[in-house]
Each structure stands twice: as C-alpha cells, then as structure tokens.
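[1] Need coordinates for the below:
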Amino acid sequence: MDEPTNDLDLGTLRLLEEALVAFGGSVVVVSHDRYFLNRVCTSILMLEGNGVVGYSTGNYDYYLEKRAERGASPEDAPKGKASATGSGVVAGPRPRKLKWSEQQELQTIEERIQAAEQMVIRTELQFADPAFYAEHGKAWPAFEKQLQMARENVTQLYNRWEELERIRAQEPSGS
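    Sure thing, here's the model as predicted:
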C-alpha cells in the first residue's frame, strides 16, 4: 500500500486501521504518516539513506528509540537536493500542508484527549476504592493493563496533537 492514508476522511482512516490490525496476513505499507504506522505496524523496514536498510520489530516509535540507542537519528538522512545550477546549495525540506483527514483529526483531538484522560481517572479511582481488591482481587492484572493502555493512549494523543500543530505551524501563510 503506497501512502494509504492520503485524502481519507477520519472515519475511513479508522476503518482502514482496524482492518489492517485485524488482518491475519502481511501487508507492506509505504507511508510518511507516523501516527498511522504506530497504530498498524508490527515491524518497520526503513530506508535510512546511503544504501542502509533498517529493520525493527515493533511500531515506528519503537524503531526510533532503537535507532537513537545505536547513535543514529532520523535527521541523519540527507535532506533536500542540489540546486539546478549545480552550485551545491542544499534546499531544506519543503513544508507540507495538513491533509484533509489531519485537519479533521486536529479539530477533534482535544475532545479525544479529554475523554482518554477521563478514562485514566476512572480507572485510577477504581484502584483507589477500598473494596476494589475484595471485589476484583483476581482480575487486578487486567485492570492494571487497562490503566497502562489508557495512559499510553493519552501520551500518544498528545504526541499526535503536537505533530499536527507542528505541521500546521509550518504551512505557508495564506493556507
């Protein structure tokens, strides 16, 4: 799949993500949408520049962590290209606009963050209830996992929000 998230509305994007996660086979996805990669990928094959191909199990964020541990960063890859005059001047990356689906996502992300934070609070309150362990003693690991996942969701939503705002801030004026 080449850039499957381009020009999808938010509902269709979520449907695609769910279908890929549920799919039992293998799919090769080429995308610059890091949020999408984090949600659907179980391994990353990365063209790092200079003919180096990287492979990592896990999602894109995990790949970046492992790459940073070995001393490389995503910024190490060559950027821009030589000018047409051959002067050797390297142009920086061209800022991009938010896709329509990203604009829709940005409009609702604050509400999604608030809902995710409320889920964390509700789960924490369950643990704080003195009767919790008497009623759910054997199920506490499931509640613990639910709390961990809820906290991770909040972190991912904040990261995505920052990413979308960074893209929006780089948009050329008048967009």
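[2] helices and strands around the longest helix seen in the chain, which ones?
    The single longest helix within the chain, with elements called by DSSP state H, is helix 140-170. Here helix 140-170 touches helix 34-40, helix 100-128, helix 132-136, going by 3 or more C-beta pairs under 8 Å, 6 or more residues apart in numbering; DSSP states H and E. (Each C-beta comes from the backbone N, C-alpha and C, glycine too.)
[3] Beta-bridge partners for Ser43, please?
    Beta-bridge partners of Ser43, counted by DSSP bridges, are Thr57.
[4] Skipping its backbone neighbours, what lies nearest the residue most central in space within the chain in space?
    Central residue of the chain (C-alpha atoms, centre = their mean): Tyr35, 2.2 Å from the mean position. Once flanking residues are discounted, Tyr35 sits nearest to Arg160: 5.0 Å by C-beta to C-beta, 6 or more residues apart in numbering.
[5] State the distance from the one you found to Ala115.
    14 Å (C-beta to C-beta, to the nearest Å).
[6] Of the two, which one has the most company?
    The residue with more neighbours, out of Arg160 and Ala115 and counting by other C-beta atoms under 10 Å, is Arg160; that gives 20 against 12.
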